[in-house]
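Engineer: Sequence and predicted model, in that order:
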Amino acid sequence: MIPTPSGKKDISARIEQIRQRYGKDLVILAHHYQTDSIVSHVDFSGDSLELARRIPDISARHIVFCGVFFMAESACLLARPGQQVYLPDHKAGCRMANMARQNDVERILTVLKDSGRSVVPLAYVNSSLAVKAVVGRFGGAVCTSSNAVRMMEWALARADSVLFLPDQNLGMNTADLLGIPGSQQFLIDIAGKTLQSPEARSARILLWPGYCPTHALGMLPSHVQEFRRAHPGCRVLVHPECTPDVVDLVDGAGSTAYLIKETEKAALSGREKVLCIGTEYHLVNRLTKRFAGTIDVRPLVKATCPNMEKITLPKLLATLEGMEQGEGAVTVDESLKSPARQTLVRMLEHCKPAQAK
Ligand code: 13P
Ligand code: SF4
């Protein structure tokens with residue numbers, strides 16, 4: 001049920017009371033795609049990399065994560081003993097992460113290994129903990145959209161080829177940035193029927209056929225062309241989950257943190273009047289409101305992530321009120337923890353803050 005304005009005020013007041021009551025024992029984190037009403041109640045909001053980096057420094061007993069399921073799972077992996085992570089709606093899963101299932105990833109990696117190929121898996125952080133555990137057991141790591149280039153280099157230094165999963169678009173955009181020609185990138189099929197083809201065998205980058213519906217289906221070259229016609233000379237920046245044909249047309253692609261930083265820089269320089277951002281609409285709209293009067297921030301399209309939107313104020317309140325009874329608590333399979341954590345640790349160690357993009 002959508003709360004009325006007065007109901008919303010009441011819920012907000014109750015959330016703040018609980019935050020005050022718990023003090024240092026409670027930390028609320030949010031991904032940049034959360035709605036403004038959620039973001040107004042959090043201790044910290046960030047992109048996937050920033051959020052993962054925060055976890056090891058948190059000493060609070062309760063960590064409430066406003067985002068999607070894989071993010072809360074990653075927080076569980078990096079949390080200390082005695083800490084509990086919560087997600088206000090466990091149905092808030094990432095649709096792209098759900099496109100790579102543990103059994104399929106394990107089967108494909110086993111076929112590749114048995115055929116004598118030297119392949120390292122590199123999983124986008126938008127993947128389940130079970131998939132990260134498989135990737136860890138096969139010697140791989142994770143990456144985020146902030147450090148995909150560095151991590152693909154890391155993987156290529158360890159094997160002849162990389163299996164990049166689940167986002168084919170981030171994989172292709174990253175390989176393009178590294179100058180790996182399209183002829184050395186190969187989109188696999190989950191059944192594995194084409195894995196032994198000459199094209200697959202000679203590819204340096206094997207791509208899992210996953211994608212983000214919000215970015216890959218919602219943001220098209222025609223949207224960029226339309227914006228350019230209406231605003232000649234104005235810049236367009238997008239998230240690298242967009243397809244390469246969109247990324248090829250724009251002025252820059254990067255993580256949500258990159259898109260925010262670029263907007264801040266543009267507003268500060270005062271040289272641009274209009275800036276177009278292609279990513280989830282709640283984030284773009286927040287930038288539009290924040291910089292109104294300084295720079296006109298326009299969304300490429302008003303595309304939202306339906307699962308990020310599942311985290312609402314009433315659900316956040318219900319989690320906070322029920323934490324002691326385990327409401328919203330995220331638990332992870334202990335046997336998967338160690339190999340899955342390894343993948344995150346490999347990334348965090350290879351991409352220490354000063355070196356990250
Ligand atoms: P960022 O790591 O850029 O925040 O992206 C996460 C995500 O899910 C984008 O769709
Ligand atoms: Fe997953 Fe796409 Fe939503 Fe990001 S925007 S959480 S990639 S479905």
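Structural biologist: Sure, I can see it. Ligands and ions are numbered 1, 2, ... in the order given.
Engineer: what's the distance between residue 288 and residue 298?
Structural biologist: Distance check for residue 288 against residue 298: by CB to CB, to the nearest Å, it reads 7 Å. All C-beta spots, glycine's among them, are computed from the backbone N, C-alpha and C.
Engineer: Ok, residue 304 next?
Structural biologist: Here residue 304 is placed at a distance of 16 Å from residue 298 (CB to CB).
Engineer: Which strands or helices does the helix or strand of the chain with the lowest mean pLDDT pack on?
Structural biologist: Across the helices and strands of the chain, mean confidence by mean pLDDT, DSSP states H and E is lowest for helix 48-54: a mean of 89. Secondary-structure packing of helix 48-54 (3 or more CB pairs under 8 Å, 6 or more residues apart in numbering; DSSP states H and E): strand 26-31, strand 44-46, helix 69-78, helix 334-350.
Engineer: anything in it near ligand 2?
Structural biologist: No - judged by CB under 6 Å from any ligand atom, helix 48-54 makes no contact with ligand 2; its nearest approach is 8.8 Å.
Engineer: Dump that helix to PDB, restricted to CA.
Structural biologist: The C-alpha coordinates for helix 48-54 follow below in PDB (Å, rounded to 0.1, in the frame of the first residue of the first chain):
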ATOM      1  CA  SER A  48      28.300  -1.200  -5.600                       C
ATOM      2  CA  LEU A  49      32.000  -0.800  -5.000                       C
ATOM      3  CA  GLU A  50      31.700   2.000  -2.500                       C
ATOM      4  CA  LEU A  51      29.100   0.000  -0.500                       C
ATOM      5  CA  ALA A  52      31.200  -3.100  -0.500                       C
ATOM      6  CA  ARG A  53      34.200  -1.100   0.700                       C
ATOM      7  CA  ARG A  54      32.300   0.400   3.600                       C
END
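Engineer: list the buried ones in it?
Structural biologist: Using 16 or more other CB atoms under 10 Å as the test for burial, helix 48-54 gives 48-54.
Engineer: which bits of the stretch 201-350 of the chain sit near ligand 2?
Structural biologist: So far as CB under 6 Å from any ligand atom goes, the stretch 201-350 of the chain lies against ligand 2 at 212, 214, 241, 280, 305, 307-308.
Engineer: May I ask which two of these are separated the most?
Structural biologist: Within these, two members stand farthest from each other by CB to CB: 241 and 307, at 14.0 Å.
Engineer: So which of these two has more stuff around it?
Structural biologist: Between residue 241 and residue 307, counted using other CB atoms under 10 Å, the more crowded position is residue 241 (28 against 20).
Engineer: Tell me if that one really is in a strand.
Structural biologist: No - under DSSP: H, G, I helix; E, B strand; the rest coil, residue 241 sits outside any strand and is assigned coil.
Engineer: That one contacts residue 210, doesn't it?
Structural biologist: No - contact criterion CB atoms under 8 Å: residue 241 and residue 210 do not qualify, at 10.1 Å.
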